[in-house]
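Visitor: Have a look; sequence and predicted model below, questions after that.
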Protein chains: 2
Amino acid sequence: MLTERQRMIMTAIVDDYIRSAEPVGSRSISKRGDIAFSPATIRNEMSDLEEMGYLEQPHTSAGRIPSNKGYRYYVDHLVKYGTLSGHELNVMKVFFAEKIQEMEQIFQQIASVLSHLTNYTSIVLGPEVFSATLKHLQIIPLDEQSGVAIIVTNTGHVENKVIRFPEGITAADIEKTVHILNAKLKNVPLLQLRARLYNEISEELTRYVNGCEELVKALETAIDTDEQDRIYMSGTTNMLIQPEFKDVDKLKHLLDLLGETPTIARLLTSIPEGIQVRIGTENSLDAIADCSLITASYSLGGQNLGTIGILGPTRMDYARVLSLLDHLSKDMAVLLGRWYK
Amino acid sequence: MLTERQRMIMTAIVDDYIRSAEPVGSRSISKRGDIAFSPATIRNEMSDLEEMGYLEQPHTSAGRIPSNKGYRYYVDHLVKYGTLSGHELNVMKVFFAEKIQEMEQIFQQIASVLSHLTNYTSIVLGPEVFSATLKHLQIIPLDEQSGVAIIVTNTGHVENKVIRFPEGITAADIEKTVHILNAKLKNVPLLQLRARLYNEISEELTRYVNGCEELVKALETAIDTDEQDRIYMSGTTNMLIQPEFKDVDKLKHLLDLLGETPTIARLLTSIPEGIQVRIGTENSLDAIADCSLITASYSLGGQNLGTIGILGPTRMDYARVLSLLDHLSKDMAVLLGRWYK
DNA sequence: GGTTAGCACTCATTAGAGAGGAGTGCTAAC
DNA sequence: GTTAGCACTCCTCTCTAATGAGTGCTAACC
């Protein structure tokens, strides 16, 4: 579609604009050395590129900036993954060498490393709890009417919820129920837990225990954990230093959105595996219409576990972020493999 | 110290400045009606008040604004608690009528109500877990080398931590240890748990179980929960709309600080009971040198549990926030009483 | 035909000048 | 003790002109 020269010019414009945040003029490209044409020639090409929708002009006498379509073309055809700098590798090495105590720490730290290295906002989607299997289920009574339901997975993750006991159920009933459930449900994937609770189990239970339907219903709420617990974020305040968010209103919208963990969780879970770049309005959330979201899924043993991502202005350093995410998502497999042992 | 007229003028200046965020001139005060003196007279008084350090002047030909000392005097001697508006009462009524499922929800919601009613940032310090007593302690093995230690309190709070088993300990040993610990430690306040673990218990345990010292040490880390889990915050982005934070650098510092939950936790736990106002540099944190922190502790049955607070610019509506916090902290006692039943 | 030099034109940005106005401090009169 | 009057300060706003980066177009060049 585009000639080689147009591709070179396009690359130059995107690169320059990413660096400077200023519209790029024909003369500055001509002076770069790698494109040995006069400003007039480049102007003609730029005019064509604008007509095709890859560039736009803030006003008649300004340089050009990439349009969303332009960024898309750049990401799809032009960007070259860079190699990581010594500093970057070092920061990651230090991080991966650290002794990790808790699962959650890994993801919080990954997010922290990402935002520090990029000066953008990082979002990490931790592994789905549901891919884990049930290790142990327990109800610990607090008083006559209520107790804490606790679910432990094989990964060491603990979910807990205060539940209210149904009327007239005895402590012995509860104990019996839990005992039966444990025997039946051990090592069952959490994902299937709900279905199993309803189909097989509850039928059998009613034979032994009075009023256990209510109890099972209460238990169900405990496994119904929120997706938002999987979200780890870091560097949200880095948005402040981006010139595209000088406007306080726009900034507030953005930060408010980032505070809505459930929305962010929904956004990240809806993204397919692999490395993905969503530019501007491709995200269909108004608040991040000026942002790009780059994500990379990480996996273990072929199974997709979660996603790490960077949210920055559309004018973000795609090359660097892409190579960083690529590298880090692969390292995570190693790290998690070590953890799960 | 101050004459009645000076106090009136002081009140007028603070009130006006809180409303307008603009330096207050002598003429505008004279026109208010409640102070029937000419601008010249008021100018003389203002000059005296400035000399005493209660007012300052951004530049020679501007009006006066309250100094930190001025705000301090205002808060200590001049402010009158307002009565809450119908709207405010209504929002709170709706909130308190809501069915609360989990303890944590209460505090998150209180924070949310506070920030929405005030348009400032709210911070809630939840009750100290340590004031609760141990209901149940358990170790659920994940594999040969590790397991999850779970602690349930009488309030339904659950703490959990992955621990590594000491070398050579058997499943039976672990079970025995947990059994002994439960018998010994049930209903012990968490605060005393650590001491009891070391003094009485571990001595007795060594008689029965091999290598249990290591296990106890691992358990200890589980009760060592972070203060930061007690912090609930809402409305941090409200800082953006305050004119005192037009400066992006200052704003970033502030938001970064608010993201450091441990620091915030330390700040709030260091504040004495009752209603407290900390103005500007009284907080000794650079990032909130232009902010005031108003806090009110809440209690249940005479025992202090935690704190609710509002962080806003020093130019904040003290009267409204004070009466709101006063009211809400008292309501919380009722709410928590109902919860603990 | 592709490339380039030249030139007129556009328009955001900046600096400077001047007017306006809010507010003060001081003095003198009430 | 209070107030009117007045000179003075200094911020803010607006207007203007200059600057300059960048464009589009045309005509010449290879």
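Guide: All right, it came through fine.

Visitor: Mind giving me the packing neighbours of the longest helix anywhere in chain A?
Guide: Secondary structure of chain A per DSSP state H: the longest helix is helix A:318-340. If you count contacts as 3 or more CB pairs under 8 Å, 6 or more residues apart in numbering or on different chains; DSSP states H and E, helix A:318-340 packs onto helix A:86-97, helix A:103-118, strand A:275-279, strand A:291-300, strand A:303-313. In short, each C-beta sits where N, CA and C put it, glycine included.

Visitor: which residues are in contact with the longest one?
Guide: Think helix A:103-118. Residues outside helix A:103-118 that contact it (CB atoms under 8 Å, 6 or more residues apart in numbering or on different chains) are A:88, A:91-92, A:95, A:98, A:100, A:121-124, A:126, A:155-157, A:232-235, A:238, A:306, A:308, A:310, A:312, A:317, A:320-321, A:324-325, A:328, A:332, A:335-336, A:339, B:162.

Visitor: From those, list the buried ones, please.
Guide: Using 16 or more other CB atoms under 10 Å in any protein chain shown as the burial test, the contacts of helix A:103-118 include A:88, A:92, A:95, A:121-124, A:126, A:155-157, A:232-235, A:238, A:306, A:308, A:310, A:312, A:317, A:320-321, A:324-325, A:328, A:332, A:335-336, A:339, B:162 as buried.

Visitor: count of residues packed around residue A:229?
Guide: A total of 14 residues lie near residue A:229 under the criterion other CB atoms under 10 Å in any protein chain shown.

Visitor: dump the residue contacts of it.
Guide: Shown in contact with residue A:229 (CB under 8 Å, 6+ apart): A:126, A:129.

Visitor: helix/strand/coil for it?
Guide: helix (DSSP: H, G, I helix; E, B strand; the rest coil).

Visitor: One more: the one 4 residues further on?
Guide: Secondary structure of residue A:233, reduced to three states by three-state DSSP: strand.

Visitor: can you check residue A:173 too?
Guide: helix.

Visitor: Run a quick neighbour tally on the closest residue to DNA strand D within the stretch 1-150 of chain A.
Guide: Closest contact between the stretch 1-150 of chain A and DNA strand D, by CB to the nearest atom of the strand, is at residue A:25 (2.7 Å). A total of 19 residues lie near residue A:25 under the criterion other CB under 10 Å.

Visitor: Please identify the residues of the stretch 1-150 of chain A in proximity to DNA strand D?
Guide: Selection of the stretch 1-150 of chain A residues close to DNA strand D by CB under 7 Å from any atom of the strand yields A:22-28, A:39-40, A:43, A:46-47, A:50, A:57, A:60-64.

Visitor: which bits of the stretch 51-200 of chain A sit near DNA strand C?
Guide: So far as CB under 7 Å from any atom of the strand goes, the stretch 51-200 of chain A lies against DNA strand C at A:58, A:59, A:60, A:61, A:62.

Visitor: Tell me if the last one really is in a strand.
Guide: No - under the criterion used here (three-state DSSP), residue A:62 is coil, not part of a strand.

Visitor: Where does the prediction get shaky in the stretch 51-200 of chain A?
Guide: By pLDDT under 70, the weakly predicted segments of the stretch 51-200 of chain A are A:101, A:130-131.

Visitor: For the closest residue to DNA strand C within chain A, grab phi and psi.
Guide: Nearest residue of chain A to DNA strand C: residue A:61, at 2.5 Å (CB to the nearest atom of the strand). The phi and psi values for residue A:61, taken as degrees, to the nearest 10, are phi -100, psi 30.

Visitor: Relative to residue A:20, how far out is it?
Guide: According to CB to CB, to the nearest Å, residue A:61 and residue A:20 sit 18 Å apart.

Visitor: what do you get for residue A:247?
Guide: Where residue A:20 is concerned, residue A:247 sits at a distance of 19 Å (CB to CB).

Visitor: what sits against the residue in the stretch 101-250 of chain A that DNA strand D sits nearest to?
Guide: Ranked by CB to the nearest atom of the strand, the top residue of the stretch 101-250 of chain A for proximity to DNA strand D is residue A:243, at 16.0 Å. Counting by CB under 8 Å, 6+ apart, residue A:243 makes contact with residue A:21.

Visitor: Now do the helices in the stretch 101-250 of chain A.
Guide: A:103-118, A:171-185, A:190-196, A:202-208, A:212-223, A:248-259 (DSSP state H, counting those that start in this stretch).

Visitor: Tell me the residues of the stretch 151-300 of chain A that contact DNA strand D?
Guide: Residues of the stretch 151-300 of chain A lying near DNA strand D (CB under 7 Å from any atom of the strand): none found.

Visitor: hang on, the earlier thing: could you give the number of residues near the residue of chain A closest to DNA strand C?
Guide: Neighbourhood size, residue A:61 [other CB under 10 Å]: 8.

Visitor: quick one: it and residue B:134, what's the gap?
Guide: With distances taken as CB to CB, residue A:61 is found 74 Å from residue B:134.

Visitor: Chain A against chain B: which residues are in contact?
Guide: Contacts of chain A with chain B, taken as CB under 8 Å from any CB of the partner chain, map to A:101-103, A:135-136, A:138, A:140, A:142-143, A:146, A:148, A:150, A:152, A:154-156, A:158, A:160-162, A:236-237, A:240-241, A:246, A:248, A:251-252, A:255-256, A:259, A:341.

Visitor: among the residues of the stretch 51-200 of chain A next to DNA strand C, who's most crowded?
Guide: Counting by other CB under 10 Å, top hit in these: residue A:62 with 13 neighbours.

Visitor: show me what contacts the residue nearest to it when sequence neighbours are not counted?
Guide: Nearest-residue entry for residue A:62: residue A:23, 4.5 Å, with adjacent residues in sequence omitted and distances by CB to CB, 6 or more residues apart in numbering or on different chains. Counting by CB under 8 Å, 6+ apart, residue A:23 touches A:17, A:57, A:58, A:62, A:63, A:64, A:65.
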